[in-house]
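Visitor: All I have is the shape, not the residue letters:
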């Protein structure tokens, strides 16, 4: 029985397979980190804390401010009858608006599949 000596093509194939498997593992992680960085950077750029609150000029303050704001809006619309009325009226209006309904309805469906309820 003759043992086959590894050729350059075998090493190239092994390298290519290993690289692609590594890319499958590292790619989504890198993309996620990049998207998180872009979101933090964009939101921090929108809110100019350095002009009116220079002591809050830190990375991520705008992002966390947005999280607090979204939570406050969710609490208001969830706990108060008037908030539910406004939400249902706005929901009905957006679902009937031509053009907007093609963006709003699928986005609402995706978000409700993650959250579970309105």
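Guide: Looks like it came in fine. Because the structure is a prediction, the values reported are computed rather than measured.

Visitor: can you pull the contacts of residue 5?
Guide: With contacts taken as CB atoms under 8 Å, 6 or more residues apart in numbering, residue 5 has no neighbouring residues. (Each C-beta comes from the backbone N, C-alpha and C, glycine too.)

Visitor: That one: what secondary structure?
Guide: coil (DSSP: H, G, I helix; E, B strand; the rest coil).

Visitor: Could you check how far it is from residue 41?
Guide: 53 Å (CB to CB, to the nearest Å).

Visitor: Check residue 76 too.
Guide: 28 Å.

Visitor: Could you do residue 102 as well?
Guide: Counting by CB to CB, the gap from residue 102 to residue 41 is 29 Å.

Visitor: between those two, who's got more neighbours?
Guide: residue 41 (14 against 10; other CB atoms under 10 Å).

Visitor: host element of that one?
Guide: Residue 41 belongs to helix 8-46 when elements are defined using DSSP states H and E.

Visitor: Mind giving me the packing neighbours of that helix?
Guide: Taking 3 or more CB pairs under 8 Å, 6 or more residues apart in numbering; DSSP states H and E as the contact definition, the neighbouring helices and strands of helix 8-46 are helix 61-79.

Visitor: Which is the succeeding secondary structure element to the helix it packs on?
Guide: Once the chain leaves helix 61-79, the following helix or strand, as judged by DSSP H and E, is helix 81-96.

Visitor: Pull out the buried residues from that next one.
Guide: Residues of helix 81-96 classed as buried under the neighbour-count rule (16 or more other CB atoms under 10 Å) are residue 87.
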